[in-house]
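A.B. asks: One predicted model, sequence on top.
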Amino acid sequence: MSLNIEQLRKEFPILNQTVNGRQLVYFDNAATTHKPRSVVERLTDYYYKENSNIHRGAHYLSQKATEAYEDARKTVATLINAPHKHEIIFTRGTTEAINLVASSFGRKFIRPGDEIIISALEHHSNIVPWQITCEQQQAKLKVIPINEKGELILEEYKKLLNERTRMVAITHVSNSLGTVNPVKEMIEMAHQHDVPVLIDGAQAIPHMKVDVRELDCDFYCFSGHKMYGPMGVGVLFGKEEWLEKMPPYQGGGEMIKEVTFEKTTYNELPFKFEAGTPNVGDVLGMEAAIKFISYLRHENIATHEKELLSYALEKLKQFEKIRFVGTAGNRTSVISFLFEDIHPYDTGTILDKLGIAVRTGHHCAQPVMDFFSLPGTVRASLAVYNTKEEIDTLVEALGRVREMFA
Ligand code: PMP
């Protein structure tokens, strides 16, 4: 089935507006996607009809909200094919999910002299939490290097894995270059050394079907807001065998069984990792986003976005002085580039004046930019509601940018 994009765009009222007198073209989807009506309506519905604190009230509304929240956990488990729903922990987003694992797993399993492997493609949120863990546990951070195309060098990865390795944490899809990493193969390689693997799926989940059982990853993290859902909510999937052994990340209500001043016992999974009142409304909004994606089907989303990506690359090639940063064989939905000799910030500013939203800078992946010896790039990132006409508008606008700097 091919998607009716014109129809689909009507579900996103925000797209229908002018910016600086021109029709908005939104190409900053890797930063955050827009939300369809069904997501916004789920939020208002919850606050108008169901709002209540969950898991503790005997009254009608509390039970209704609790049921809805726990149903959303099932929806997430189904989305990623998690074996058990108690392996789904709701967090504030990918960042918090990674911090949870780095902190809790780190305290329990990482000792002085141990090693943690990340990659040169990581977003800061899959670097800094591990640096903190390394500092606290006196462990060492090892980094899988990349080649000029922006692909991980697997031979180097193989060399880094050894008996001191305690964790591999890598991104599924690079937010700065769009590289899709061969995570299944990398997980297999780590497991040969009995090393668990955390996958940062923030940029994968909106674009491709993710099956945590097929990948056999130990942890998988993602954010609601990059997959057409609300901000401030996300998911950590963790295998039961690890989550059971890990200590709580935060203390408070909900995560306890019994509290005395002498001793506290902790609640079972997943509640052990969900201290305090959860973000019920946004969890339900995220569930609506998952339903939206499931309705469109990941295959159709991927087909449409692939077509857009090839179309954009082909069209942009007409410029003699465009340099694509990141040219991996397997990539999705992100085009990072430099245009003429113009600073990315200037290109971005003029595009904005022409109604086009792109991102400029290091994209929270400064080490990637350092590798290419660049202060930053212009990044156009795609979502399912983007069109070829919008790409034509970008190409035309870049023509204007070139004229202005000629
Ligand atoms: N990892 C990747 C690959 C990302 O793109 C992002 C967001 N740009 C994050 C992690 C962090 O996600 P969040 O800010 O939603 O926690």
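C.D. replies: Received it, and whenever you're ready, just let me know what you need. Since this is a predicted model, take the numbers as computed values, not measurements.
A.B. asks: residues in contact with residue 211?
C.D. replies: 80, 81 (Cβ atoms under 8 Å, 6 or more residues apart in numbering). Quick note: C-beta positions are derived from backbone N, CA and C, even for glycine.
A.B. asks: With the ligand as the reference, measure out to it.
C.D. replies: 19 Å (Cβ to the nearest ligand atom, to the nearest Å).
A.B. asks: check contacts around the nearest residue to residue 258 once chain neighbours are set aside.
C.D. replies: If the residues on either side of it in the chain are set aside, residue 258 comes closest to residue 265, at 5.1 Å by Cβ to Cβ, 6 or more residues apart in numbering. Taking Cβ under 8 Å, 6+ apart, we find residue 265 in contact with 256, 257, 258.
A.B. asks: how long is stretch 218-227 end to end?
C.D. replies: 22 Å (Cα to Cα, to the nearest Å).
A.B. asks: can you tell me which of the contacts of residue 265 are in strands?
C.D. replies: 256, 257, 258 (DSSP state E).
A.B. asks: you'd agree the second one is up against residue 263?
C.D. replies: No - Residue 257 sits out of contact with residue 263 when judged by Cβ atoms under 8 Å, with a separation of 10.7 Å.
A.B. asks: Neighbour count for those two, which is higher?
C.D. replies: residue 257 (11 against 7; other Cβ atoms under 10 Å).
A.B. asks: Grab the nearest non-local neighbour of that one.
C.D. replies: In space, residue 257 is closest to residue 265, 4.3 Å off (Cβ to Cβ, 6+ apart).
A.B. asks: separation between the one you found and residue 56?
C.D. replies: 17 Å (Cβ to Cβ, to the nearest Å).
A.B. asks: Ok, residue 74 next?
C.D. replies: The value you get for residue 74 to residue 56, if Cβ to Cβ is used, is 20 Å.
A.B. asks: next one: residue 2
C.D. replies: Applying Cβ to Cβ, the value for residue 2 to residue 56 is 47 Å.
A.B. asks: Compare those two and say which is more crowded by neighbours.
C.D. replies: residue 56 (11 against 8).
A.B. asks: What score does the residue lying farthest from the centre of the chain have for pLDDT?
C.D. replies: Most distant from the centre of the chain: residue 262, at 40.4 Å, with distances by Cα atoms, centre = their mean. What the model reports as pLDDT for residue 262 is 96.
A.B. asks: shaky segments in the stretch 1-150 of the chain?
C.D. replies: Applying pLDDT under 70 to the stretch 1-150 of the chain flags no residue at all.
A.B. asks: What residues does it have near the ligand?
C.D. replies: Neighbours of the ligand within the stretch 1-150 of the chain, by Cβ under 6 Å from any ligand atom: 30, 93, 94, 95, 123, 125, 126.
A.B. asks: that older thread, could you save the ones in strands among the contacts of residue 265 as a markdown table and add columns showing distance to residue 277 and pLDDT?
C.D. replies: Below are those laid out as a markdown table (distance: Cβ to Cβ, whole Å; pLDDT from 0 to 100):
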| residue | distance to residue 277 | pLDDT |
| --- | --- | --- |
| 256 | 14 | 94 |
| 257 | 18 | 95 |
| 258 | 19 | 95 |
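A.B. asks: quick one, longest helix in this structure?
C.D. replies: helix 60-80 (DSSP state H).
A.B. asks: so what does it touch, helix or strand wise?
C.D. replies: strand 88-91, strand 234-238, helix 280-296 (3 or more Cβ pairs under 8 Å, 6 or more residues apart in numbering; DSSP states H and E).
A.B. asks: Mean neighbour count, these: which tops it?
C.D. replies: strand 234-238 (a mean of 28; mean count of other Cβ atoms under 10 Å).
A.B. asks: ok so, going back, please tell me how far the residue nearest to residue 257 sits from the ligand.
C.D. replies: 31 Å.
A.B. asks: Residue 302: how many residues sit nearby?
C.D. replies: Residues near residue 302, counting by other Cβ under 10 Å, number 16.
A.B. asks: correct me, but it touches residue 206?
C.D. replies: No - counting by Cβ under 8 Å, residue 302 stays clear of residue 206, with 10.1 Å between them.
A.B. asks: what helix or strand does the nearest residue to residue 404 once chain neighbours are set aside sit in?
C.D. replies: Counting by Cβ to Cβ, 6+ apart, residue 404 lies nearest to residue 350, which is 6.5 Å off, once chain neighbours are set aside. Under DSSP states H and E, the secondary-structure element containing residue 350 is helix 344-353.
A.B. asks: Which parts of the stretch 151-300 of the chain are helices?
C.D. replies: 154-160, 183-191, 212-215, 240-245, 280-296, 298-316 (DSSP state H, counting those that start in this stretch).
A.B. asks: Output those as CSV; include the columns distance to residue 360 and mean pLDDT.
C.D. replies: Below are the helices of the stretch 151-300 of the chain laid out as CSV (distance: least, Cβ to Cβ, whole Å; pLDDT from 0 to 100):
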stretch, distance to residue 360, mean pLDDT
helix 154-160, 30, 98
helix 183-191, 28, 98
helix 212-215, 33, 98
helix 240-245, 38, 98
helix 280-296, 27, 98
helix 298-316, 16, 98
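A.B. asks: ranking these by burial, who's on top?
C.D. replies: helix 280-296 (a mean of 22).
A.B. asks: domain assignment for this structure?
C.D. replies: As assigned by automatic domain parsing, the chain contains the domains 5-27+297-404, 40-294.
A.B. asks: Show me which residues of stretch 41-59 are buried.
C.D. replies: Residues 42, 43, 45, 46, 50, 52, 54, 55 are the ones in stretch 41-59 that count as buried (16 or more other Cβ atoms under 10 Å).
A.B. asks: Next: stretch 269-277.
C.D. replies: For stretch 269-277, a neighbour-count test (16+ other Cβ under 10 Å) marks 269, 270, 271, 272, 273, 274, 275 as buried.
A.B. asks: need the contact list for the first one.
C.D. replies: Residues touching residue 269, when contacts are defined by Cβ under 8 Å, 6+ apart, comprise 86, 87, 240, 243, 244.
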